[in-house]
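*Asks:* Predicted model and sequence follow; I will ask about them next.
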Amino acid sequence: MDPSFLSVFIAFLVIALTCFIYYFVVLAIIHPLQKIAGPPKKNWFHCQLDPLLDASRSARVHEYYVQKYGRSIRLQGVFPFEQRLITLDPLSIAHVLKNSAIYEKPWPSRWLITSLIGEGMLAAEGLMHKRQRRVATPAFSIQNLRGLIPVCLTKGNQLRDRWMQMIHDQGEAAHIDVCHWISRATFDVIGLAGFDYNFDAIQDESNELFMAYKDMFETAVSQSNPMVTLCRMLLPSLFSLMREPTMLTIQSCQEVIHRVAGDLIQDKKAKIAHGIETGVPYAGRDLLSLLLKSNVDKDLPRDQQISDADILHNINTFMFAGSDTSSLSITWTLLLLAQNPSAQDRLRKELLSVLPTSTAALSDLTEDELQSLYANVANLPYLDNVVRESVRLIPPVHSSIRVATQDDEIPVSKPYFNADMTPGRRETISVSKGTLVHVSIEGFNLDKEFWGEDAWEFQPDRWDHLPEEAAALPGLYSNTLSFSGGPRSCIGLRFSMIEIKAFLYVLLTNFVFKPTEDKIMKANVVLTRPYVKGKYAQGSQCPLIVTPYTKK
Ligand code: HEM
């Protein structure tokens, strides 16, 4: 071998090894988090996240960790030597979520989202995120979301008709996988509300755009092998060359979305431009029209506008962030009500109290009548308690993660322990640039110290006399982290409340829900989803016995 080649090769190896040792060994050993208590590591390659992400035991594990190590805990992450902070201290969580300029989403999460739906609001950071959020915010105002009310009630009613037909075909009751059907219905809602496009998925699932979105999201969910995902992330060109099946599926879905949704964008832009020319503004109230209008608003400086590509990425983002999350919330609520028949009866009674006095079917009501019906529904106190409780108890997004982009001091309000289990004396925890902070939404929502001994139970009445400790917690929605908090909190909170309440109204005034013999388990597969025990291979499902409600 050529001696000069050999020396270059050896020099390269030495540099690579030095970098490796510095970044993964020296930095790991002097890492400030080493000073914080946490469960013992078996070895430097032992990932300690599994128990926190395993939905069948995560609540118990969080409780155990807090009792043993305090509310600021050091854990070993996915990569060897990677130290993570998991915090269940409300002050620390508020600090991390509020300071989005310091605590960003880590690049692997952003890469995964971007490779699927583009760099929309969910993945963007810094100025790009600010600009996108600013353009999108008006679309989610109370006034603009009024258009969503008739969409949700009408789609709820179509789902009702489908289920009535299934019950009729099966006899007096039907076993219905409510997870599957509600997902179809919420896709319809986000299609219409998102860009005025009817997937008509309640009727059948053959629409080209619906299938593209569905396949793409399911592919993302089923990519459960982290090693393959990591390789795809690091070597995308190689995977593309190898014509790897996951990549091919995503690419072909993206082609359909770009073509169909791209045409919709051009069509809307032309209508808005025509409205400006003629002085008769285009009346479209879907998110796409509102985004496009907000983007050309005269009060928005030109350098704050976003491109057509960004508009499409954000519509994709709303499809991604707003379909499964809402459908899972409705599904979990129905399951909890099926398991708690007295709460179900009480809620139905309350919902029936606002049923329109006219004999007209929901489908015959005018838009004004639908609006006033929903206004009554939205104000029902027990419905509000049920929704808060269900979203607290089973948050569809179980956790979130941030990375510190600079050294920082995270304030603590509760005692923490040093690595040798002596009590910590400082009022902050030091984190260095690059440290990952794990925010456990579920662990926070189920914390018995704040919510009381019955924190793991479905108790809608708790909201009438919330413990002081819980009422002081941060969080965008009802002192929970279910919709996160701070500048990166969920923009779709109001949207999903309308959807959840409208669907519960239609479904509970028409049907009675009972559990089947199957045991439904929670599993975290990107989101917290229901599975039948022993039938994980069949995918997420939530079968319930559904019978028509007949007025006594
Ligand atoms: C029950 C339903 C929903 C739940 C539980 C939920 C929960 C969340 C959570 C926890 C986050 C923060 C994620 C993180 O920081 O890692 C988030 C962000 C987001 N959600 Fe939702 N969401 C729901 C419905 C919706 C809907 C209906 C839409 C849109 C139509 C939506 C759009 C978004 C967007 C765009 C973001 C990113 C915001 C940003 O980074 O600025 N979500 N959501």
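*Replies:* That came through, no problem. Numbering: from 1, shown residues only.
*Asks:* how many neighbours does the residue in the chain that the ligand sits nearest to have?
*Replies:* Going by CB to the nearest ligand atom, the ligand is nearest to G492 of the chain, at 2.2 Å. The C-beta positions use only the backbone N, C-alpha and C, and glycine is treated the same way. Here the count is done by other CB atoms under 10 Å, and G492 has 21 residues near it.
*Asks:* quick one, what contacts it?
*Replies:* G492 makes contacts with 140, 318, 321-322, 325-326, as judged by CB atoms under 8 Å, 6 or more residues apart in numbering.
*Asks:* Now these in JSON lines, please, with extra columns for secondary structure.
*Replies:* Listed next are those as JSON lines, based on DSSP: H, G, I helix; E, B strand; the rest coil:
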{"residue": "F140", "secondary structure": "helix"}
{"residue": "F318", "secondary structure": "helix"}
{"residue": "A321", "secondary structure": "helix"}
{"residue": "G322", "secondary structure": "helix"}
{"residue": "T325", "secondary structure": "helix"}
{"residue": "S326", "secondary structure": "helix"}
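*Asks:* so which of those residues are also by the ligand?
*Replies:* 318, 321-322, 325-326 (CB under 6 Å from any ligand atom).
*Asks:* Mind checking which of these are buried?
*Replies:* 318, 321-322, 325-326 (16 or more other CB atoms under 10 Å).
*Asks:* In this structure, which residue is most central in space?
*Replies:* Nearest residue to the geometric centre of the chain (CA atoms, centre = their mean): V397, 4.4 Å.
*Asks:* quick one, what contacts it?
*Replies:* V397 neighbours (CB under 8 Å, 6+ apart): 325, 441, 482, 484, 527-528.
*Asks:* three-state assignment of it?
*Replies:* coil.
*Asks:* so where's the stretch 251-400 of the chain shaky on pLDDT?
*Replies:* 359 (pLDDT under 70).
*Asks:* So which bits of it are right by the ligand?
*Replies:* Proximity of the stretch 251-400 of the chain to the ligand, by CB under 6 Å from any ligand atom, involves residues 317-318, 321-322, 325-326, 329, 396-397, 400.
*Asks:* how does it look with 8 Å?
*Replies:* Within the stretch 251-400 of the chain, the positions adjacent to the ligand are 287, 314, 317-318, 321-323, 325-326, 328-329, 391, 395-397, 400 by CB under 8 Å from any ligand atom.
*Asks:* Now stretch 34-44 - C-alpha only, PDB.
*Replies:* Extracted in PDB, the C-alpha atoms of stretch 34-44 (Å, rounded to 0.1, in the frame of the first residue of the first chain):
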ATOM      1  CA  GLN A  34     -24.200  14.000  35.600                       C
ATOM      2  CA  LYS A  35     -24.600  15.900  38.800                       C
ATOM      3  CA  ILE A  36     -28.400  15.300  38.900                       C
ATOM      4  CA  ALA A  37     -30.000  12.100  40.300                       C
ATOM      5  CA  GLY A  38     -31.500   9.500  38.000                       C
ATOM      6  CA  PRO A  39     -31.900   5.800  37.700                       C
ATOM      7  CA  PRO A  40     -28.700   3.800  37.600                       C
ATOM      8  CA  LYS A  41     -27.300   3.100  34.100                       C
ATOM      9  CA  LYS A  42     -26.500  -0.500  33.200                       C
ATOM     10  CA  ASN A  43     -23.900   0.700  30.700                       C
ATOM     11  CA  TRP A  44     -23.200   3.700  28.400                       C
END
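*Asks:* Contact partners for the nearest residue to S399 once chain neighbours are set aside?
*Replies:* Leaving out its chain neighbours, the residue that sits closest to S399 by CB to CB, 6 or more residues apart in numbering is S440, at 4.8 Å. Applying CB under 8 Å, 6+ apart, we find S440 in contact with 52, 58, 62, 86, 88, 398-399.
*Asks:* Pick the one among those closest to H31.
*Replies:* Proximity of the contacts of S440 to H31 (CB to CB) peaks at I86, which lies at 14.7 Å.
*Asks:* so where's the protein uncertain?
*Replies:* In the chain (pLDDT under 70), the answer is 1, 22-29, 80, 222-227, 233-234, 236-240, 359, 552.
*Asks:* Now for it: which helix has the highest residue count?
*Replies:* helix 245-278 (DSSP state H).
*Asks:* Now the element after that one, going C-ward?
*Replies:* helix 287-295 (DSSP states H and E).
*Asks:* now the angle from the longest helix of the chain to helix 287-295?
*Replies:* Relative orientation of helix 245-278 and helix 287-295, computed by axes from the mean of the first three to the mean of the last three CA atoms, to 10 degrees: 60 degrees.
*Asks:* Would you indicate which residues of helix 245-278 are buried?
*Replies:* Applying 16+ other CB under 10 Å to helix 245-278 flags 246-247, 249-250, 253-254, 256-258, 261, 264-265, 268-269, 272, 275 as buried.
*Asks:* Can you classify D420 by secondary structure?
*Replies:* Going by three-state DSSP: D420 is coil.
*Asks:* Run through the residues that contact L33.
*Replies:* 74, 83-85, 431, 435.
*Asks:* ok, and the most crowded of these?
*Replies:* V431 (27 neighbours).
*Asks:* quick one: that residue and I401, what's the gap?
*Replies:* 13 Å (CB to CB, to the nearest Å).
*Asks:* so what sits against both of those two?
*Replies:* Joint contacts of V431 and I401 (CB under 8 Å, 6+ apart) are V437.
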